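Enquirer: Provide a 3D model corresponding to the input given below.
(2 chains)
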Number of protein chains: 2
Amino acid sequence: MNSRRDFLRKISASAFALPFLPAVSRQSANQSFDETYQGPVLRVAIMGLGSYGTRVAEAMKDCKMARLTGVISGTPAKIKDWQSKYSIPAANCYNYENFDGIKDNKEIDAVYIITPNGLHKDQAIRVANAGKHVICEKPMAINAAEGQQMVDACRKANVKLLVGYRMHLEANTLEIIRMRNEGELGKVLFFQGLSGFRIGDPNQWRLDKKLAGGGAMMDIGIYSVNGARYMIGEEPVWVTAQETKTDPVKFKEGVDETILFQFGFPGGAVASCLSTYAMSNLDRFFLNGTKGFAELQPSTGYGPIKGRTSKGELNLPHKTHQTVQMDEMAGMILQDKKPLVPVDGEEALKDLKIIDTIYAAVKSGKKEEL
Amino acid sequence: MNSRRDFLRKISASAFALPFLPAVSRQSANQSFDETYQGPVLRVAIMGLGSYGTRVAEAMKDCKMARLTGVISGTPAKIKDWQSKYSIPAANCYNYENFDGIKDNKEIDAVYIITPNGLHKDQAIRVANAGKHVICEKPMAINAAEGQQMVDACRKANVKLLVGYRMHLEANTLEIIRMRNEGELGKVLFFQGLSGFRIGDPNQWRLDKKLAGGGAMMDIGIYSVNGARYMIGEEPVWVTAQETKTDPVKFKEGVDETILFQFGFPGGAVASCLSTYAMSNLDRFFLNGTKGFAELQPSTGYGPIKGRTSKGELNLPHKTHQTVQMDEMAGMILQDKKPLVPVDGEEALKDLKIIDTIYAAVKSGKKEEL
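Expert: Numbers count the residues shown, from 1 in each chain, chains lettered A, B, ... in the order given. Sure, this is the predicted structure:
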């Protein structure tokens, strides 16, 4: 189980500096590691060493084209822990004051920003200005205006900007998109997305308007926003939305607890979605067309994703989403690979514009055009 | 298979005139007919001998407390056919001109109106004025104002007014309501109703505004309107709604094809529903509470209804809905039985008021208070 970890511990730091990893002897019981892989490798620093950062780091152990080579954190104890767990050399460790120094670090190609939403914009711009590619957890920013600044900064710095849309690379999801594209569902008319869970600790940053940019919508509702778009395969033209709040103490002004929202699409399809921090059992996508339906339940959790269509169950094998994502993103950055459903800054900007409009529709109580 | 039908053929018309049917020898392979039943029997005339009227007539063969004893139709050939199939004496056959004559017919206690929606109000008032109980298919009328006239007329005539809400008497549905009432789902926060099918023949009365009163909402959307209320167990306080129409030739002005609608409830729960004549595969209710969920899929079809909750599958035996309904309604009319979820005119009026408000919300584009 630990052979890959052991390998990472033993391998010298200088090895990571090579864009092409040498084929050394490696064994692992639980990975599809390609022993003979000699292709390009994306060397990634993770910024923000929380639970999702840890999940990504663990998943990257099984990556072929991506390697964890650096960390950025405000907590020295975490850095020390990660250094030992993932064999990170001291030279590749940064804090939030000095990380602009990655500019001169030849062992880091990209930084994966996994920090509170409200910090993404400034952090991403600093990474871009340091000449490194930006991978950013979603939501890319707390609104479209900030997102646009990130897109502009990365374009100007000539670095890639990718966003952690792991579902765009998930096999069952992609199979449904294939079925839809090939007309197997007929004309698509309806999408339903349910995205929610009961959030715990009232003092976490996700319930702090300044850091989170909002509430459930920014964190979990975005899956239905995004899912509506990739499942229907069109961009919505109008939005309506309704908010309800059962716990105004926990969910303060500007932090949404539950929002229902609806989209209309140019082809006549409609979407009906729920975003909530107050209910569990909500992780379902349903796509309905004139010839058939497709369901994903769970639809966006860490998996295994379960798919079912009018033709039967989907049984595509589960692969750790973050492993797939990081390998695919390495391909996008290093080889200019184009995914079927984009995961770039422009894509993320579309979601942010829609979320801005959802919040506007909640306020106006009216149908808002997009 | 036909023994009950044979029995109905052989028995003399006068037997139906008795409020207490004599215990005669009866055998049937496919019914739970109580051989020894000596209790009261509701003698029903069906008005409107279309496909749903036929379904009710067939289901009534297995009723204990309800008997088909008369028909009202504008088509002499249909009357002849039903006379022979259900042993209806000529004296109990009426057309739409002369059915006020049921006033003097001692073999008819109630009339089940199964005609186009736009005709219900006048027909129900005539039945009430003839001193007979009214059972009316849903929607009770094409708007709340007409529904109110029906309620008033029945109250004035001192007859009962019941509406064909067969799901209020369905075992799986009632089990979920029991679970909710006993707190097994925790605080209920979300209901989702999907009600729709692809409607065929563009020339049918259901697509005629004057006869149908609307489109999918009046026919199938009403299940989600009604379901939201009995599943959540509260009355909504606000409505929002969005319409979309992909086929304006088939679905003319005033005939809705697809409407998304949302409700807010006093306890903080929200409902998100779809009504459509343009999509199949839509017959699902989902109720979500803080302690668990309940799903019905199919939820309102003729059955078997399939229920599933966070505690597991519901496996309550299927009984033909219309048989259960007519027996239960006989109990309500003859013995003043009170169902757990009402099926009376006041209940139907609530749905009509909400449907009026849904249509208003579609027009205004705003949240409408109830």
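
Enquirer: all helices of the stretch 151-300 of chain A, in order?
Expert: Remark: helices assigned in the stretch 151-300 of chain A by DSSP state H, counting those that start in this stretch are A:171-181, A:209-212, A:216, A:222-232.

Enquirer: how many residues are close by the closest residue to residue A:117 other than its chain neighbours?
Expert: Spatial nearest neighbour of residue A:117, chain neighbours left out: residue A:213 (4.7 Å); criterion: Cβ to Cβ, 6 or more residues apart in numbering or on different chains. Yep, even glycine has a C-beta here, placed from its N, CA and C like the rest. Here the count is done by other Cβ atoms under 10 Å in any protein chain shown, and residue A:213 has 25 residues near it.

Enquirer: which residues touch residue A:213?
Expert: If you count contacts by Cβ atoms under 8 Å, 6 or more residues apart in numbering or on different chains, residue A:213 has them with A:117-118, A:139, A:141-143.

Enquirer: could you dump these to TSV with secondary structure, pLDDT and neighbour count?
Expert: Converted to TSV, the contacts of residue A:213 look like this (DSSP: H, G, I helix; E, B strand; the rest coil; pLDDT from 0 to 100; neighbours: other Cβ atoms under 10 Å in any protein chain shown):
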residue	secondary structure	pLDDT	neighbour count
A:117	helix	98	27
A:118	helix	98	19
A:139	coil	98	27
A:141	coil	98	28
A:142	coil	98	24
A:143	coil	98	18
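
Enquirer: now do the contacts for residue A:305.
Expert: Residue A:305 neighbours (Cβ under 8 Å, 6+ apart): A:170-173, A:296, A:298-299, A:318.

Enquirer: what's near enough to touch the closest residue to chain B within the stretch 251-370 of chain A?
Expert: Closest contact between the stretch 251-370 of chain A and chain B, by Cβ to the nearest Cβ, is at residue A:268 (3.7 Å). By Cβ under 8 Å, 6+ apart, the residues touching residue A:268 are A:187, A:189, B:244-246.

Enquirer: give me the buried positions along the top helix by length along chain A.
Expert: In chain A, with assignment by DSSP state H, the single longest helix is helix A:345-364. For helix A:345-364, burial by neighbour count (16 or more other Cβ atoms under 10 Å in any protein chain shown) applies to A:345, A:347-359, A:361-362.

Enquirer: for stretch A:155-170, same thing?
Expert: Those would be A:157, A:159-170, for stretch A:155-170 by 16+ other Cβ under 10 Å.

Enquirer: which two of these have the greatest separation?
Expert: Farthest apart among these by Cβ to Cβ are A:157 and A:170. That separation is 29.9 Å.

Enquirer: residues in a beta bridge with residue A:243, which ones?
Expert: Bridge pairing for residue A:243 (DSSP bridges) gives the partners residue A:259.

Enquirer: pretty sure it sits against residue A:258.
Expert: Yes: counting by Cβ atoms under 8 Å, residue A:243 touches residue A:258, with 6.9 Å between them.

Enquirer: between those two, which is the more surrounded one?
Expert: More crowded of residue A:243 and residue A:258, by other Cβ under 10 Å: residue A:258, with 27 against 22.

Enquirer: grab the nearest non-local neighbour of the more buried one.
Expert: residue A:276 (4.2 Å).

Enquirer: my guess is the one you found contacts residue A:196, does it?
Expert: Yes: shown here, residue A:276 and residue A:196 form a contact pair, counting by Cβ under 8 Å, at 3.5 Å.

Enquirer: shared neighbours of these two, which are they?
Expert: A:216, A:220-221, A:258, A:282.

Enquirer: now render those as TSV, adding pLDDT.
Expert: Below are the shared contacts of residue A:276 and residue A:196 laid out as TSV (pLDDT from 0 to 100):
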residue	pLDDT
A:216	98
A:220	98
A:221	98
A:258	97
A:282	95
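
Enquirer: quick one: which of the residues you listed has the most company?
Expert: The most neighbours of any of the shared contacts of residue A:276 and residue A:196, using other Cβ under 10 Å, belong to residue A:221, which has 29 neighbours.

Enquirer: and that one, what does it touch?
Expert: So residue A:221 contacts A:195-196, A:256, A:259, A:261, A:273-276, A:355, A:358 (Cβ under 8 Å, 6+ apart).

Enquirer: with residue A:69 instead?
Expert: Counted by Cβ under 8 Å, 6+ apart, residue A:69 has contacts A:16, A:43-45, A:88, A:92, A:107-108.

Enquirer: kindly indicate which of those lies nearest residue B:234.
Expert: residue A:44 (50.7 Å).

Enquirer: what's the helix or strand for that closest one?
Expert: Assigned by DSSP states H and E, residue A:44 belongs to strand A:42-47.

Enquirer: what lines up beside that strand in the sheet?
Expert: Within its sheet, strand A:42-47 is paired with strand A:66-72 (parallel), strand A:110-113 (parallel), according to DSSP bridges.

Enquirer: on that earlier part again, look up phi and psi at the residue nearest to residue A:117.
Expert: Main-chain dihedrals, residue A:213, degrees, to the nearest 10: phi 80, psi -10.

Enquirer: what's the closest non-adjacent residue to residue A:252?
Expert: Using Cβ to Cβ, 6+ apart, the closest residue to residue A:252 is residue A:209 (6.8 Å).

Enquirer: any idea of the pLDDT on the one you found?
Expert: The model reports residue A:209 with a pLDDT of 97.

Enquirer: how far away is it from residue A:120?
Expert: 15 Å (Cβ to Cβ, to the nearest Å).

Enquirer: out of these two, which sits in the busier spot?
Expert: Remark: of residue A:209 and residue A:120, residue A:120 carries more neighbours, 28 against 17, as counted by other Cβ under 10 Å.

Enquirer: quickly find the element holding the more buried one.
Expert: In the assignment (DSSP H and E), residue A:120 maps to helix A:117-129.

Enquirer: my guess is residue A:290 contacts residue A:186. True?
Expert: Yes: using Cβ under 8 Å, residue A:290 makes contact with residue A:186 at a distance of 3.3 Å.

Enquirer: which bits of chain A sit near chain B?
Expert: Contacts of chain A with chain B, taken as Cβ under 8 Å from any Cβ of the partner chain, map to A:189-190, A:192, A:194, A:198, A:240, A:242, A:244-246, A:258, A:260, A:262, A:264, A:268-270, A:272, A:274, A:276, A:278-282, A:288-290, A:292-293, A:310, A:365-367.

Enquirer: what do you get if the cut-off is 7 Å, keeping everything else the same?
Expert: A:189-190, A:240, A:242, A:244, A:246, A:258, A:260, A:262, A:264, A:268, A:270, A:272, A:274, A:278-279, A:281-282, A:288, A:293, A:310, A:365-367 (Cβ under 7 Å from any Cβ of the partner chain).

Enquirer: mind listing what whatever residue of the stretch 1-150 of chain A ends up closest to chain B touches?
Expert: Here the stretch 1-150 of chain A gets closest to chain B at one residue, residue A:139, 22.6 Å apart by Cβ to the nearest Cβ. Applying Cβ atoms under 7 Å, 6 or more residues apart in numbering or on different chains to residue A:139 gives the contacts A:117, A:213, A:218, A:222, A:351-352.

Enquirer: cool, residue A:108 as well?
Expert: Counting by Cβ under 7 Å, 6+ apart, residue A:108 makes contact with A:43, A:45, A:69-70, A:92, A:102, A:132.

Enquirer: repeat the analysis, applying 10 Å as the threshold.
Expert: A:16-17, A:42-45, A:69-72, A:91-92, A:94, A:99, A:102, A:127, A:130, A:132-133 (Cβ atoms under 10 Å, 6 or more residues apart in numbering or on different chains).

Enquirer: write a PyMOL command that selects only the buried members of those residues.
Expert: Here is the PyMOL command that selects the buried residues among the contacts of residue A:108 (16+ other Cβ under 10 Å):
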select buried, chain A and resi 16+42+43+44+45+69+70+71+72+92+94+99+102+127+130+132+133
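
Enquirer: which residues of chain A score low on pLDDT?
Expert: Within chain A, the set of residues satisfying pLDDT under 70 comprises A:1-35.

Enquirer: how about a cut-off of 50?
Expert: Where chain A drops to pLDDT under 50, the residues are A:1-32.
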